[in-house]
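S.K.: Structure for the following, please:
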Amino acid sequence: MARARFLVLVGSALILLALPHQVWSYLQPPVNLGFTSFVDGIPPAGPGWYFTQYIQYYTSDDLKDPPVPNAKVDAWVGLTQLIYQSDTQILLGGKWGLDVIVPEAYMDSSPIPDNGAGLGDVLVGPYLQWDPVMGAHGPIFVHRVELQTIFPTGKYDVNKALNPGSNVYAFDPYWAATWFIGPRLTASCRLHYLWSSENSDNDIQAGQAFHANFAASYEVVPKMLRVGVNGYWLKQLTDTKLAGVRIPDDEQVVGIGPGALMSFSQHTHLFINAYLETAAEYRPQGQRFNIRLVHHFK
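M.R.: Okay, here's the model as predicted:
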């Protein structure tokens with residue numbers, strides 16, 4: 001059995017070496033790592049239409065497992081999001097809503113020059129939003145469940161190291177919640193479970209994974225400014241498969257850093273977040289910087 005496992009691993013490694021573009025990009029599809037943070041369990045202004053624009057810059061010169069000397073990856077990612085939150089209860093008191101996200105990306109790498117730019121994979125998520133659980137001095141807890149699906153609509157070339165699209169279908173449902181710990185202190189989390197289909201161009205199916213965003217904030221200026229700490233964690237739970245052969249190189253990464261939430265009114269909000277990554281395995285380890293503008297149409 002030990003010899004058989006060794007032969008499988010050697011064979012898998014040879015197949016991976018025959019696909020050099022995979023050395024330059026992790027196999028999990030792009031997901032929400034640090035895009036969302038403070039007071040994540042509730043829309044800021046109730047029912048209606050929301051427009052959100054995200055801009056995130058990611059940079060890494062530390063490619064893990066195997067390490068690549070002098071490697072560098074840079075990515076600019078934009079997410080354009082439209083949300084409709086109804087005021088109609090349909091299940092267990094939850095009010096239905098719909099979330100649509102269109103990504104845009106520009107990526108570059110060295111020492112092997114390669115870049116990818118274009119539209120990414122569209123995300124569509126029907127969801128249920130519950131009203132806050134109220135206490136004597138205001139809200140105590142609020143949460144949401146979304147059935148998020150990623151469609152392979154983005155630009156993809158199997159011969160490129162970096163692609164805006166992933167060429168797979170993915171199901172990435174999540175539960176988001178916010179606890180109002182005190183008059184000014186909140187804690188939030190968003191917990192995802194990710195499943196991806198096989199990439200038909202290279203016979204690779206990424207393993208299932210758990211990823212989460214978490215944040216705590218303190219209201220420094222009432223109704224205007226929150227500051228706090230934000231982070232994320234991704235952990236692959238099952239092995240990736242290459243042509244049906246399991247590859248026991250499971251990805252993981254942790255990011256943590258400071259953030260702020262500025263509210264210009266009840267209807268317009270700006271999030272600023274920074275993350276320093278650590279504990280990465282089988283993926284780049286770097287830094288992320290995120291800006292997110294949210295506007296509610298009255």
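
S.K.: quick one: low-confidence ranges for the stretch 1-150 of the chain?
M.R.: 1-26, 112-114 (pLDDT under 70).

S.K.: Could I get the full set of helices for it?
M.R.: 2-17 (DSSP state H, counting those that start in this stretch).

S.K.: Now do the strands in it.
M.R.: Listed in chain order, the strands of the stretch 1-150 of the chain (DSSP state E, counting those that start in this stretch) span 48-60, 72-91, 94-110, 114-119, 123-129, 133-135, 138-146, 149-150.

S.K.: Sheet partners, orientation included, of the longest one?
M.R.: Just to be clear, that refers to strand 72-91. For strand 72-91, sheet partners with direction are given as strand 48-60 (antiparallel), strand 94-110 (antiparallel), following DSSP bridges.

S.K.: Save these as a markdown table, and put in distance to residue 168 too.
M.R.: Every residue, glycine included, has its C-beta placed from N, CA and C. A markdown table is the format used below for these (distance: least, C-beta to C-beta, whole Å):
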| stretch | distance to residue 168 |
| --- | --- |
| strand 48-60 | 20 |
| strand 94-110 | 14 |
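
S.K.: and of the ones you listed, who's closest to residue 180?
M.R.: strand 94-110 (19.3 Å; C-beta to C-beta).

S.K.: Just want the most central residue of the protein.
M.R.: residue 32 (1.0 Å; C-alpha atoms, centre = their mean).

S.K.: Next up, the contacts around the closest residue in space to residue 54 that isn't next to it in sequence.
M.R.: Spatially, and ignoring its direct neighbours in sequence, residue 54 is nearest to residue 79 (3.9 Å; C-beta to C-beta, 6 or more residues apart in numbering). Neighbour list for residue 79: 35, 52, 53, 54, 56, 101, 102, 103, 104 [criterion: C-beta atoms under 8 Å, 6 or more residues apart in numbering].

S.K.: Mind giving me the ChimeraX command for buried ones among those?
M.R.: In ChimeraX syntax, the buried subset of the contacts of residue 79 is picked out as below (16 or more other C-beta atoms under 10 Å):
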select :35,52,54,56,101,102,103,104
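
S.K.: From residue 150, how far off is residue 197?
M.R.: In this view, residue 197 and residue 150 are 10 Å apart by C-beta to C-beta, to the nearest Å.

S.K.: got any residues that touch both of these two?
M.R.: 168, 169, 170.

S.K.: ok, of those, which one's closest to residue 43?
M.R.: Distances from residue 43 to the shared contacts of residue 197 and residue 150, taken by C-beta to C-beta, are shortest for residue 170, at 24.5 Å.
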